[in-house]
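Engineer: quick one: sequence and predicted model below, then my questions.
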Amino acid sequence: MRVDRFLSNLPRFNRKQVRGLLVERRVTVDGVAISDPHHDVRIFHRVCVDDEVLDAGITARYFMLHNAQGCVSATSDPQHPTVLDLLDEPDKGELHIAGRLDFNTTGLMLITNDGLWSRRLTQPQTKLPKVYLVETEQAIGDEYAATFAQGLYFAFEDLTTQPAHLQILGPRTARLAIIEGRYHQVKRMFGHFDNKVIRLHRERMGPLVLDAALAPGEYRELTVDEIQQV
Ligand code: URA
């Protein structure tokens, strides 16, 4: 929301007063004085007039988890442990998963309460690659790479997948980079060749790589640098 709208929505200031506060540079957002009425204010920002806090903001939280096999990518499940069960954090109900994984997929999972940040990471429009290590039941043919690069038609969604990059690592192993996250996307792409995925592990989402120091089931907070890279 624009800062002038945010301030004039408060009962104590009318529009003229808000203009005055901005011109006199009495408004700060996260400690920085601002005068531009269009300045964008988000829920995580701390807005003050003089020294008075008008919106204490909500602390943005970001975690990287090494997802273990057999963990459900959901906030609750009646039968199985969920990703959130692995976090020893307060107010877990505010958190959501940026890019879910199937029950048996391991690897990088990002969890946050910042919806804009997670959308930047997961929306196909931002073209950030999600990189998976894949092991298959049958041999991976040389022709797979061209088919994946062209895109595959998914009848259920009536869409063609965005170009994906396949690097063959061994007879039945490969690294695949996709820029969207359709339902069971990787399994369905290999399924096009009747080749079953028997192991799937996410190594990277955009600029963020799974920390090798994290064992399956372990997590840590993201660093400021990692958060800002997205
Ligand atoms: N594609 C899949 O098929 N499964 C996952 O968990 C992630 C991507």
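Structural biologist: Cool, the structure landed.

Engineer: C-alpha only now, for contacts and for neighbours.
Structural biologist: OK.

Engineer: packing partners for the lowest-mean-pLDDT helix or strand in the chain?
Structural biologist: Sorting the helices and strands of the chain by mean pLDDT, DSSP states H and E puts strand 52-55 at the bottom, at a mean of 87. Contact partners of strand 52-55 among helices and strands, from 3 or more CA pairs under 8 Å, 6 or more residues apart in numbering; DSSP states H and E: strand 47-49.

Engineer: quick check, distance from the strand it packs on to the centre of its chain.
Structural biologist: 30 Å (CA atoms, centre = their mean, to the nearest Å).

Engineer: just stretch 118-130 next, same as before
Structural biologist: With CA atoms, centre = their mean as the basis, the mean position of stretch 118-130 lies at 7 Å from the chain mean.

Engineer: using CSV, write out the CA atom coordinates for it.
Structural biologist: Taking Å, rounded to 0.1, in the frame of the first residue of the first chain, the C-alpha atoms of stretch 118-130 are listed here in CSV:
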residue,chain,number,x,y,z
SER,A,118,7.6,-17.1,-1.9
ARG,A,119,5.7,-16.1,-5.0
ARG,A,120,8.8,-14.6,-6.6
LEU,A,121,10.5,-17.9,-6.0
THR,A,122,7.8,-20.2,-7.4
GLN,A,123,5.9,-18.2,-10.1
PRO,A,124,6.9,-19.4,-13.6
GLN,A,125,7.0,-15.7,-14.7
THR,A,126,10.1,-15.1,-12.7
LYS,A,127,11.8,-18.0,-14.5
LEU,A,128,13.8,-19.1,-11.5
PRO,A,129,15.0,-22.7,-12.1
LYS,A,130,14.1,-25.5,-9.6
